[in-house]
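1. what's the 3D shape of this:
(one chain, ligands or ions: 1)
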Amino acid sequence: MVTVSPLEGTGAEVTGVDIANLSEDELAIVKQAFANHGVIFFRDQNLSEDAHIAFARKFSTINLNRFFARHPDYPEIALVVKEPTDDFNIGGAWHADHSYDAEPALGSILVARQLPPTGGDTLFASMNAAYEALPTQLRDLVDTHSALHSGKHIFARDGAYERIPDFKGRIGNAEAGDELVDTVHPMVIKHPLSGKPCLFVNPGFTIGIDGMDDEEAKLMLLALYEHAGQPQFTCRFTWEPGSVAFWDNRAVWHLAENDYAGHRRVMHRITVDGCSLEGMNSTIASRSATV
Ligand code: SIN
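-> Numbering: from 1, shown residues only. The predicted structure is shown next:
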């Protein structure tokens, strides 16, 4: 029997399912759990690459990652790898994947393939819980403003990944990073699946607030990040062989811990396409930046 057990902070663990062989009824429960909780976890799965791809396709079309190294036999699968000799990991600070796209990715399904003996957990933070608990001044700000998102400072030729030699072979295609077009999204979105208000700014990719000067925007964003990263909105997932996490980028932030120096960690990630986003009152919608 499928059981959905909510976790403290955010997310839920789904047990009693083999996600490589889901019945229609089980799939409906998994979809509902995903919409309700923003990130769901499975244990003890035996998911081949083909089954990983088939599971992803039940949710949306697969987004072929522009920047991550791809699995040599399965281009749909992005490799999230850290070698024993690497200092930096991929995704080691709070972020929401693809928020810089006009239609940000729905989410990602991450499968553990090789784990360090300890460490390498992934943290998730609920942007609905963070929004609901905002102090009035910040809530008024986010309810009425949009924010500017960019991936250039991360993926372009002069971006963070290019400047750190460690990432060579793991992240590339900086030419595509140069071509990215900045995007404006509401600071609070009406979540496309749950309808709940979710804070939609993140430390990885949000670079400004529409109509606000840079200094003021920076201070406001820092205040929002400090609030949203508080432990009561977060959960920590400790990976085991056979673990799978499926998160919604519009509902949660995530952060990969980098605390396993000298060990290899290999994860397979499939990201699926999302849709354009609307604000809660639908007068604010996503658009390309004109700056
Ligand atoms: C990521 O997709 O940001 C990496 C997550 C992880 O490796 O745990």
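
2. Which single residue of the stretch 1-150 of the chain ends up nearest the ligand?
-> residue 91 (2.3 Å; CB to the nearest ligand atom). Just so you know, the C-beta spots here come from the backbone N, C-alpha and C atoms, and that holds for glycine as well.

3. The spatially closest residue to that residue that is not a sequence neighbour pairs with what?
-> Distances taken as CB to CB, 6 or more residues apart in numbering put residue 256 closest to residue 91, at 4.3 Å, once the chain neighbours are dropped. Taking DSSP bridges as the rule, residue 256 bridges to residue 122.

4. quick one: the helices in this protein?
-> For the chain, applying DSSP state H gives helices covering 24-37, 49-57, 127-132, 136-144, 152-155, 160-163, 174-179, 214-228.

5. right, so those helices: which one is the most enclosed?
-> Stretch with highest mean neighbour count among the helices of the chain: helix 127-132 (a mean of 22; mean count of other CB atoms under 10 Å).

6. Contacts only, for residue 263.
-> By CB atoms under 8 Å, 6 or more residues apart in numbering, the contact set of residue 263 is 84, 116-117, 119-120.

7. can we see that at 7 Å?
-> Going by CB atoms under 7 Å, 6 or more residues apart in numbering, residue 263 touches 84, 116-117.

8. Strands - which of these land there?
-> Assigned to strands by DSSP state E, none of the contacts of residue 263 qualify.

9. Just the pLDDT for the residue nearest to residue 91.
-> According to the prediction, residue 256 has pLDDT 98.

10. Could you check how many residues crowd around residue 287?
-> For residue 287, the count of nearby residues is 13 (other CB atoms under 10 Å).

11. is stretch 255-266 anywhere near the ligand?
-> Yes. Counting by CB under 6 Å from any ligand atom, the ligand is contacted by stretch 255-266 at residue 256.

12. hang on, I meant stretch 2-13
-> No. Stretch 2-13 is not in contact with the ligand by CB under 6 Å from any ligand atom; minimum separation 13.5 Å.

13. Tell me if I'm right that the residue of the stretch 1-150 of the chain closest to the ligand and residue 257 touch.
-> No. The criterion here is CB atoms under 7 Å, and residue 91 misses it with residue 257 at 9.9 Å.
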